[in-house]
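Visitor: Using only what follows, build the 3D model:
(7 chains)
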Amino acid sequence: MNVKPLGGRVLVKPLEREERTKSGIVLPDTAKEKPQQGKVIAVGSGRTLENGQKVPVEVSEGDTVIFSKYAGTEIKIDGEDYLILDAERDILAIVQ
Amino acid sequence: MNVKPLGGRVLVKPLEREERTKSGIVLPDTAKEKPQQGKVIAVGSGRTLENGQKVPVEVSEGDTVIFSKYAGTEIKIDGEDYLILDAERDILAIVQ
Amino acid sequence: MNVKPLGGRVLVKPLEREERTKSGIVLPDTAKEKPQQGKVIAVGSGRTLENGQKVPVEVSEGDTVIFSKYAGTEIKIDGEDYLILDAERDILAIVQ
Amino acid sequence: MNVKPLGGRVLVKPLEREERTKSGIVLPDTAKEKPQQGKVIAVGSGRTLENGQKVPVEVSEGDTVIFSKYAGTEIKIDGEDYLILDAERDILAIVQ
Amino acid sequence: MNVKPLGGRVLVKPLEREERTKSGIVLPDTAKEKPQQGKVIAVGSGRTLENGQKVPVEVSEGDTVIFSKYAGTEIKIDGEDYLILDAERDILAIVQ
Amino acid sequence: MNVKPLGGRVLVKPLEREERTKSGIVLPDTAKEKPQQGKVIAVGSGRTLENGQKVPVEVSEGDTVIFSKYAGTEIKIDGEDYLILDAERDILAIVQ
Amino acid sequence: MNVKPLGGRVLVKPLEREERTKSGIVLPDTAKEKPQQGKVIAVGSGRTLENGQKVPVEVSEGDTVIFSKYAGTEIKIDGEDYLILDAERDILAIVQ
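Guide: Model (predicted):
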């Protein structure tokens, strides 16, 4: 079952707390309730600028990313939790 | 009876809960009152940019889409419920 | 007596409830106090973009249109109720 | 004594209620306190767009116009009431 | 002692009430506390548009102008009251 | 120790009350707590416009300037008080 | 473990109070709880303008910078505190 984000949006699988501590990145305590890290599953075609040009999304499928808390829309696909985020506004960094 | 959305808007037939669980996508519990999935029935000519160019709508008739809760304007056509949505702002992804 | 809307505005004659049910389109109950359908009587010259270009209004005289509730300014001409609406912002669709 | 509006502004002489009913246009009851019709006395040179171009004001001296309630700044010239309005934002239509 | 306004700003010497009644222009009673008329003493180089172009200020030194109440920043120069105003936003008209 | 402001910002050394009265410029009483005059110590490279062009800052090192009250960020350098201001938005005029 | 900020963002290691007094820059008392100085660890590719052009970030790795209080998102990497900031909006100056 395939979900294709639109425009400058991306589909992200949030990482659970343990997975995050293995990656060395922990977000301040309040983060416990709200995941702020996850894996990019699919990316949109990019945001359209006022001159009609498309800005490609800066992250790619498979990247581990850090995003703003409380960002995006939660959806469940085949019983799993996912988030649809605005790449430019919500995603802060890539964990390499 | 034919309704043609204007500009960057689209006409969507919201999917009822059962139809959505068959598609594998379920939205968090609160979604029960507000549908967030539906089928695209008609699309507008696209949004006009500040340089006068028209940005075609990214979804097409027949697509199943996921949209933000509480978005759009509800209308009834021949007794059936429909929503008029702003494609770029309200529609998050296409379910393929 | 002739009223010529300015810029991207249009003059609309709101349809009463009975006229609307004949057209097959009924808006949710709350619509009863506020009409959301009407006939386009006159259109303005269009909105001016930041590059100086005029965007022609997408609806034409005689079109039956659906518009956002509470939109526009009410005026009476020769004892009849009319609305002055912003075409791009307030008009959602054309009923064909 | 001559008042020259600046930019996209216009100087308007509001019409009293009787003058308005002769023109056939009456605004809903609440309009009684606030005039919404008037005659254009002088027009500015037009608004400057972000590309440096001037957009000429769409109304001319002598036009009878309908404008949004509560719009503009009131001034008295030689004991008479006038309004300074933003043409594009405040003036809705011309009565021909 | 010379004060040179920056960008699209102007330096204005507010007119006292008597000076204003001689000019024939009186502003509604509330204006008594806040002057809305004055003489242009100095003008800035103009506002910079998003295309880098400078928009020259539409008023000149010596003009008598009408401006929005509560606008600008008050300063005293050599014991006299002055106002620094944004020309395009705060100044409504020139009294000729 | 050298502080280089970024973009369209400037570093300003606020003038104390006595220094200001010598310059002939006094700001209304409320100004006593908040300095609104100062000397430009360093300027940034200028603001970037949407077309990529840099707008040079209109003030230069050594200028005495008047700025909006409560503007900017206070910092202490080697025990002395300074302000970091946005040149276009916060600085109103140059005292020549 | 490497964190690559996106767009116009930068990764900053906030300086503790003692480190800041050695640099000669102290921020007003309220700053004690919130660090406003730090070292740039990594920079993003720059902000995308409406004409599609990228604006390179004005600071570089290794710079000591002053930033607005309460700005950015806190993250811990390998047990150390870091901040992800918007370079143009949050960073005020470089300490040279």
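
Visitor: from here on, contacts and neighbour counts on C-alpha atoms
Guide: OK.

Visitor: Which parts of chain A are strands?
Guide: Secondary structure of chain A (DSSP state E): strands at A:3-5, A:9-14, A:25-26, A:37-43, A:47-48, A:54-55, A:64-67, A:73-77, A:80-86, A:91-95.

Visitor: Would you single out the least confident of those strands?
Guide: Of all these, the minimum mean pLDDT falls on strand A:25-26 (a mean of 60).

Visitor: right, and the strands of chain A - which one's nearest C:Asp81?
Guide: Between C:Asp81 and these, the shortest gap by C-alpha to C-alpha is with strand A:47-48, which sits at 40.4 Å.

Visitor: and the closest one with chain G, contact?
Guide: No - under the criterion of C-alpha under 8 Å from any C-alpha of the partner chain, strand A:47-48 makes no contact with chain G; the nearest approach is 9.2 Å.

Visitor: same check, this time on stretch A:3-12
Guide: No - figure legend: stretch A:3-12 not in contact with chain G (C-alpha under 8 Å from any C-alpha); closest approach 12.8 Å.

Visitor: Which one of the residues in chain A is closest to chain G?
Guide: A:Ala93 (4.1 Å; C-alpha to the nearest C-alpha).

Visitor: ok, that residue touching G:Ala42?
Guide: No - taking C-alpha atoms under 8 Å as the definition, A:Ala93 is not a contact partner of G:Ala42, at 10.3 Å.

Visitor: Which one's more surrounded, these two?
Guide: More neighbours surround A:Ala93 than the other of A:Ala93 and G:Ala42, with 26 against 20 (other C-alpha atoms under 10 Å in any protein chain shown).

Visitor: So what's the gap between stretch A:74-87 and the chain middle?
Guide: 9 Å (C-alpha atoms, centre = their mean, to the nearest Å).

Visitor: mind listing what's buried in it?
Guide: Buried residues in stretch A:74-87, counting neighbours by 16 or more other C-alpha atoms under 10 Å in any protein chain shown, are found at A:74-75, A:77, A:82-87.

Visitor: circling back: shared neighbours of A:Ala93 and G:Ala42, anything?
Guide: Jointly contacting A:Ala93 and G:Ala42 under the rule C-alpha atoms under 8 Å, 6 or more residues apart in numbering or on different chains are G:3-5.

Visitor: between these, which is nearest D:Asp63?
Guide: G:Pro5 (57.5 Å).

Visitor: Look up how far chain F lies from that closest one.
Guide: 19 Å (C-alpha to the nearest C-alpha, to the nearest Å).

Visitor: Tell me the spatial nearest neighbour of that residue, not counting adjacent residues.
Guide: Spatial nearest neighbour of G:Pro5, excluding adjacent residues (C-alpha to C-alpha, 6 or more residues apart in numbering or on different chains): A:Ala93 at 4.1 Å.

Visitor: about what we covered before: would you convert the shared contacts of A:Ala93 and G:Ala42 into JSON lines that also reports neighbour count?
Guide: Formatted as JSON lines, these follow (neighbours: other C-alpha atoms under 10 Å in any protein chain shown):
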{"residue": "G:Val3", "neighbour count": "21"}
{"residue": "G:Lys4", "neighbour count": "21"}
{"residue": "G:Pro5", "neighbour count": "25"}
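
Visitor: Taking the centroid of chain A, which residue is nearest it?
Guide: A:Val12 (4.0 Å; C-alpha atoms, centre = their mean).

Visitor: Next up, the contacts around that residue.
Guide: The neighbourhood of A:Val12, defined by C-alpha under 8 Å, 6+ apart, consists of A:38-42, A:82-85.

Visitor: still on that earlier bit, return only those of the buried residues of stretch A:74-87 found close to chain B.
Guide: By C-alpha under 8 Å from any C-alpha, the members of those lying near chain B are A:74-75, A:77, A:84.

Visitor: Keep only those of the contacts of A:Val12 that are also close to chain E.
Guide: Okay, of the contacts of A:Val12, nothing touches chain E (C-alpha under 8 Å from any C-alpha).
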